[in-house]
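Colleague: Below is the structure, and that's it, no one-letter string:
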């Protein structure tokens, strides 16, 4: 009985911690990342990460996250030599400036989000 109660409590706790997926309107607003956005990422990361650490790199579509505030968002995911699986970074923009970034942002895992190869990150130099 006690095990059942603990198991039910754990399941209910986990269910309450899950993040809700982005609304369909956000998913429908997707557009491919511009060349300028790709290069802005490279400029920001240059000197902060080692070139050649990644086996794969992808950048997602840009979505309109908060229409009233004109905040856009996109994700970058990388597969590193030392870490198995994808690492995610969610980035929010306003007026073409980064206003926030979140490591392993749950929204970056949304299956509706389209990802594109990001060879500029793989070939980045200092």
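Modeller: Noted; the coordinates are in hand. If you're wondering where the values come from, they're calculated on a predicted model, not measured in any experiment. Residues are numbered from 1 along each chain as shown.

Colleague: Show me where the protein has its strands.
Modeller: 54-60, 63-66, 71-80, 86-94, 97-103, 115-117 (DSSP state E).

Colleague: and those strands, which is most packed in?
Modeller: strand 71-80 (a mean of 20; mean count of other CB atoms under 10 Å). (Each C-beta comes from the backbone N, C-alpha and C, glycine too.)

Colleague: quick one: low-confidence parts of this protein?
Modeller: 1-22, 25, 51, 126 (pLDDT under 70).

Colleague: picking that back up, same list (the strands of the chain) but as TSV, adding distance to residue 26.
Modeller: Shown next, in TSV, are these (distance: least, CB to CB, whole Å):
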stretch	distance to residue 26
strand 54-60	12
strand 63-66	5
strand 71-80	8
strand 86-94	12
strand 97-103	16
strand 115-117	16
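
Colleague: Nearest approach to residue 27 belongs to which of those strands?
Modeller: strand 63-66 (7.0 Å; CB to CB).

Colleague: Okay, now the sheet partners of that closest one, with direction.
Modeller: The strands beside strand 63-66 in its sheet (DSSP bridges) come out as strand 71-80 (antiparallel).
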